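Asks: Sequence first, predicted coordinates after that:
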Amino acid sequence: MDELRKIVMREKAQSVSSREWKHRLMGYGYKLEETSTGYVVSSMRGNEALLTL
């Protein structure tokens, strides 16, 4: 999970908007959803939550 967190945070730092951040993560096969408790990163294949930010 540390490797996934590094990827997600690196892509966030390189993005100018949350929309671009979501799009960049889709290239890795991840989906980013904003919830009331924060962001949830999940796999596009299995649709399972992998990381909560």
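Replies: That came through, no problem.
Asks: And the contacts of stretch 20-38?
Replies: Stretch 20-38 is contacted by residues 4, 7-8, 11-12, 14-15, 18, 39-45, 47, 50, 52-53 when judged by Cβ atoms under 8 Å, 6 or more residues apart in numbering. To be clear about C-beta, it is placed using only N, CA and C from the backbone, and glycine gets the same treatment.
Asks: and those residues, which are buried?
Replies: Buried members of those, scored by 16 or more other Cβ atoms under 10 Å, are 7-8, 11-12, 39, 41-42.
Asks: Check those and tell me the two furthest apart.
Replies: 12 and 42 (15.9 Å; Cβ to Cβ).
Asks: how about the strands of this protein, start to end?
Replies: 30-35, 38-43, 49-52 (DSSP state E).
Asks: Tabulate those strands in TSV, adding columns for mean pLDDT and distance to residue 24.
Replies: Output for the strands of the chain, formatted as TSV (pLDDT from 0 to 100; distance: least, Cβ to Cβ, whole Å):
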stretch	mean pLDDT	distance to residue 24
strand 30-35	92	9
strand 38-43	93	12
strand 49-52	92	15
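Asks: want to throw those into TSV with distance to residue 22?
Replies: Putting the strands of the chain into TSV (distance: least, Cβ to Cβ, whole Å) gives the following:
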stretch	distance to residue 22
strand 30-35	5
strand 38-43	9
strand 49-52	14
